[in-house]
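Student: A predicted structure for the sequence below; I have some questions about it.
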Amino acid sequence: MTSDFNGTRPPALTLAGVSRRYGGVHAATSLDLTVTPGEMVTVIGPSGCGKSTMLRMIAGLERPDSGIITIAGEVVADRRRYQEPERRRVGLVFQEHALFPNLTVAKNVAFGLNRLPSRERQKRVAEVLELVRLGHLAARYPHELSGGEQQRVALARALAPRPAVVLLDEPFSSLDETLRGRVRADIVAVLQETGTTSLLVTHDQTEALSVGDRVVVMRDGAIEQADTPEKVFEQPSTRFVASFMGDADFLPANVHNALLTCEIGVVSTVPGWANCDVNVDVVLRPHEVALAHDPAATARVISQEYRGAFVLHYIRLASGRTLRSWQPHHIRYAPGTPVNVTVAAGTSPTLLVDDRAVTEPPVGTAGRPTQPPAPSPITVLR
Amino acid sequence: MSETAVLVDAGVSGPRRRLLTGNGRPMWSAAVLLAAALVVTPVAAVVIDGLGSLNSGSLPQDIGPMIVTTVLLMGGVGLSTLLIGGGLAWLVTAHDFPLRNLLSWALVLPLAMPAYILGFVFLSTFDVGGPVQGMLRTVLGPGAWLPDVRTLAGAVVVMSLTLYPYVYLLARSALVEQSATTYDAARTLGAGRSRALWRVVVPMARPSLAAALALVMMETLTDFATVQYFNVQTVSVGVYLVWKGSFDFHAATQLSVLVLVFAVAVLAGERLLRGRSRFHQKAGRGEGLKSRRLTGWRGWAAALACLSVLGAGFILPVAQLAGWAVGEAAGGSEPLLDPRFVEYLVNSVTVASLAALVCAALALTIGHAQRLGGGPLVAVAAQATTFGYAVPGAVIGIGVLIAFARVDEWLELAGVPGGTGLLVTGSVAGILCAYVVRFIAPAHQAVDASFAKISPALTFSALSLGSTPRRLLTRVHLPLARRGAAVALVLVAIDAVKELPIVLLLRPFGFTTISVWVYELARENFWEKAALPALGIVAVAVIPVYFLFRRSAGLKAGAVTHDQ
């Protein structure tokens, strides 16, 4: 967790054992999550993984079957209690902006402030519109705005009543590619500036990694991993996370006496795995796979894709398995070229046993560690 | 959630509770259930009474011929509307000929001509005393055989001429929306124009045709006055006649059950015809078929075909009515406006407006409650409210009478002397109640269509911004569904102005509406006197035709942005 937990302030949001079923489908299975104030958490997963269900349960649009949800220390859903959405302090921003088409920008933003006296209301409207730099459009109607402007108004409207947490449901996916980056930067800046706690659902891996203080990866209604972006990418906890968050290939490998070997040779030493002989899968990302022209090699380049800055090479190993490798754009091996495949220096590959990442020998397969821990947990042999 | 108890007792567990009310708000869900109960009660009352008395009383006489007549009438009208409406739709969408654009919308107009008005105009022209037979007799001699027009065939002709626009409208929008690519694909695969029509276009339009046919049959089954002019005894007329003639309660309810069987058969038939095809014009918003230009005499023949249907169904009868009305006024025998005309008009408008307001309010409540997440039970209840439209007015009228009689009994048992008193028979409350039961369906459909265009995200946004359900209704749902609500008001009001049997069955003594007046005058062959009020009804009925047409034309225009 990135934000340090301030003992006096309760978490902005907690989910404890929250589950929801539709008929026989488990849309959410025992979700646990704690979001500290000011944190920005991105939620990602394939469609149907339950990320939207989670959001809807937090907002109060969906009632959990079991589990407890708290917002700013207040229980909003548990076995008995269920707070209606209009009484929760949750802001919502939708993909399709969902501005009220019959109201002006100013009235849209003022919608959630109807309990304030008129003078304060106007002040707050001006304030949040200034925050998203749209003060000059206050009198316009939503259909007179561009997509990016509409999304900024939607954010202003959600922020106006000072919610404890803002939920954003794929907020940028309706914008076209060129606009998207800019609107995203704008909105993330506003959220950070105001110290708003937020939960952003996305299906874009890059977005999840670049925007979030923390990334929650979901699959089949369950949270697979909730960690910093670096950890999610570099130390995925499952095979699914490894392949979903970026490109990954898997090779069967073996750890014997702390030495990790696979088809392309010795990969690294694995300290603490002495005296054991375990079969694992090693996760290799394309940027970790090095190639060198070698007429004697058994691996062959089978195709390449030009991606601008990089060229992605597909290599078939002697066993028939394929690996992918990024090469700088000036290096292009023609299909059929025999290449020697190695793992780039400094790589600490993730090891999988039964689809789960392991950091120590599985119980029963390993002997006792015989050496004191090495300074670096995994080092590549070169 | 303390008010939960309204619907479910505290002991009901989570998932079970959700089945009953979903995530919705108990009060709003309860309102929907109440509306459904209101609609279902009269129909259920009829069914219970009818089935319960089956072995006690004798079945009404000539029930056999009645059934045969009804089947023949519905079959005949269905077939000929399919031919006329489908043919005209194909002519207008796939061809280009003189006056096409004008005709393509004008062909909807006969929908504004109630069959009981066209019926008496038709009789005045073609019956024994009419000008056509008179002329024929002078040509052929007084003894010549001339066909009798007061027959089933005559009724089929008149009803087809007023009902074909249903088929025309739905077939036309099916053809317009149908993507040209499937038709083009068929052509490039070697199908000729007519083979492509029968193998691709018609099957794709089948769900629409089935829906239209169901509407036509329903209207035919419901008809009450036209069939009487033509001496055609259908089961619906039977209900009224048995009731008014002998006040034989059970015979009337037994016949009503039979009418309901017909209604259910029509609905089931539609399902069957539609088959498993769920491609209800899902093939994409195409350009529609490329129209083929008809030149020379072919073009004029096409225009003439459209014009003759339009003339027979609308232009000529309106001209005739106008002629009579002017003649009456010029004759000077009576004041230009009979004072009764104003009184009956006010009666009609008052009852119709009240019914429209109640129906629109209920429809909005239903839409709103469902938006708040009603759950399966509320969804079923909302669907149940639309069933009343398939039930002929005479049946609903009897159902309302029975239901109120029961309420009276209970009230007297509970110690209220006189129960509801003369609430039903002494005021328009019964009429209003029956109107709501019968006409909430079009209101629901209109409002529902508007709600469907409101993104759920808007509802959720408003809620998460702290809006209570009531504020959500007044500030978001109502403004955004106002067009649907307006359409609902108009549709219900006009249907109510045209409605006959409900008023005849339930009206308090001395209460007459304009439609009843027209019917009574026409039945006694006072064509000229009936002309002015009839024209009034036609003029009012043109309004929903405009809405209907604009809606089907709007589909072509595609996405219309929210204008302010």
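Tutor: In hand now; what should we look at? Numbering: from 1, shown residues only, chains lettered A, B, ... in the order given.
Student: count of neighbours near the residue of the stretch 251-382 of chain A found nearest chain B?
Tutor: Nearest residue of the stretch 251-382 of chain A to chain B: residue A:355, at 31.8 Å (Cβ to the nearest Cβ). For glycine as for every other residue, the C-beta is placed from the backbone atoms N, C-alpha and C. When counting by other Cβ atoms under 10 Å in any protein chain shown, one arrives at 11 neighbours for residue A:355.
Student: Tell me the spatial nearest neighbour of it, not counting adjacent residues.
Tutor: Using Cβ to Cβ, 6 or more residues apart in numbering or on different chains and skipping the chain neighbours, the partner closest in space to residue A:355 is residue A:239 (4.2 Å).
Student: Residue B:456 and residue B:371, how far apart?
Tutor: The spacing between residue B:456 and residue B:371, counted by Cβ to Cβ, to the nearest Å, is 7 Å.
Student: need the strands for the stretch 51-200 of chain A, in chain order.
Tutor: Ranges of strands in the stretch 51-200 of chain A, per DSSP state E, counting those that start in this stretch, are A:66-71, A:74-77, A:90-93, A:165-169, A:198-202.
Student: re earlier: quick one, which of residue B:456 and residue B:371 is more surrounded?
Tutor: Between residue B:456 and residue B:371, counted using other Cβ under 10 Å, the more crowded position is residue B:371 (23 against 14).
Student: Identify the residues contacting residue 122.
Tutor: In the absence of a named chain, this looks at chain A. residue A:110 (Cβ atoms under 8 Å, 6 or more residues apart in numbering or on different chains).
Student: ah, no, chain B please
Tutor: B:149, B:154, B:157-158, B:317.
Student: same thing but at 7 Å, please
Tutor: Residue B:122 is in contact with residue B:158, counting by Cβ atoms under 7 Å, 6 or more residues apart in numbering or on different chains.
Student: what's the answer for residue B:519, then?
Tutor: Per Cβ under 7 Å, 6+ apart, neighbours of residue B:519: B:116, B:225, B:500.
Student: What number of residues are in the vicinity of the closest residue to residue A:218 other than its chain neighbours?
Tutor: What sits nearest to residue A:218 in space, not counting adjacent residues and going by Cβ to Cβ, 6+ apart, is residue A:45, at 3.6 Å. Number of residues near residue A:45 (other Cβ under 10 Å) recorded here: 26.
Student: returning to what we had before: how about the strands of the stretch 51-200 of chain A, which one is nearest chain B?
Tutor: Going by Cβ to the nearest Cβ, the one of the strands of the stretch 51-200 of chain A nearest chain B is strand A:90-93, 4.3 Å.
Student: which residues sit against the closest one?
Tutor: Strand A:90-93 is contacted by residues A:58-59, A:71, A:154-155, A:158-159, A:163-169, A:171, B:460-461, B:464 when judged by Cβ under 7 Å, 6+ apart.
Student: which neighbours does it have in its sheet, and in what orientation?
Tutor: Paired strands of strand A:90-93, with direction, are strand A:165-169 (parallel) (DSSP bridges).
Student: and the partner strand, average pLDDT?
Tutor: Averaged over strand A:165-169, pLDDT sits at 94.
Student: which residues of chain A score low on pLDDT?
Tutor: For chain A, the stretches with pLDDT under 70 are A:1-8, A:363-382.
Student: I misspoke; the intended subject was the stretch 1-150 of chain B.
Tutor: Using pLDDT under 70, the stretch 1-150 of chain B drops low at B:1-24, B:55-61.
Student: in stretch B:44-55, what's buried?
Tutor: Buried residues in stretch B:44-55, counted by 16 or more other Cβ atoms under 10 Å in any protein chain shown: B:45-47, B:49-50.
Student: tell me which element the residue nearest the centre of chain B falls in.
Tutor: Among the residues of chain B, the one closest to the centroid is residue B:219, at 6.2 Å (Cα atoms, centre = their mean). Using DSSP states H and E, residue B:219 maps to helix B:202-222.
Student: show me where the stretch 401-550 of chain B has helices.
Tutor: With DSSP state H, counting those that start in this stretch as the criterion, the stretch 401-550 of chain B has helices at B:429-452, B:456-464, B:469-472, B:478-480, B:482-498, B:501-506, B:514-523, B:527-557.
Student: Using JSON lines, lay out the ones you listed together with distance to residue B:68.
Tutor: Output for the helices of the stretch 401-550 of chain B, formatted as JSON lines (distance: least, Cβ to Cβ, whole Å):
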{"stretch": "helix B:429-452", "distance to residue B:68": "27"}
{"stretch": "helix B:456-464", "distance to residue B:68": "50"}
{"stretch": "helix B:469-472", "distance to residue B:68": "53"}
{"stretch": "helix B:478-480", "distance to residue B:68": "50"}
{"stretch": "helix B:482-498", "distance to residue B:68": "28"}
{"stretch": "helix B:501-506", "distance to residue B:68": "22"}
{"stretch": "helix B:514-523", "distance to residue B:68": "24"}
{"stretch": "helix B:527-557", "distance to residue B:68": "31"}
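Student: quick one: which of those is nearest residue A:316?
Tutor: Closest approach to residue A:316 among the helices of the stretch 401-550 of chain B is made by helix B:456-464 (47.6 Å; Cβ to Cβ).
Student: and the angle from that closest one to helix B:429-452?
Tutor: Angle of helix B:456-464 versus helix B:429-452, following axes from the mean of the first three to the mean of the last three Cα atoms, to 10 degrees, is 100 degrees.
Student: Packing partners of helix B:456-464?
Tutor: Counting by 3 or more Cβ pairs under 7 Å, 6 or more residues apart in numbering or on different chains; DSSP states H and E, the packing neighbours recorded for helix B:456-464 are strand A:90-93, helix B:469-472.
Student: Nearest to residue B:108, out of these?
Tutor: Residue B:108 lies closest to helix B:469-472 among the helices and strands packed on helix B:456-464, at 36.8 Å (Cβ to Cβ).
Student: Alpha carbons of that closest one, in CSV - could you do that?
Tutor: As requested, the backbone C-alpha atoms of helix B:469-472 are provided in CSV (Å, rounded to 0.1, in the frame of the first residue of the first chain):
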residue,chain,number,x,y,z
PRO,B,469,-36.9,9.1,-5.6
ARG,B,470,-39.5,11.9,-5.7
ARG,B,471,-37.0,14.5,-6.7
LEU,B,472,-35.6,12.1,-9.3
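Student: Could I get the average pLDDT for it?
Tutor: 92.
Student: With stretch B:191-198 instead?
Tutor: Stretch B:191-198 comes out at a mean pLDDT of 78.
Student: and the residue nearest to residue A:355, how many residues sit next to it?
Tutor: Applying other Cβ under 10 Å, I find that residue A:239 has 20 neighbouring residues.
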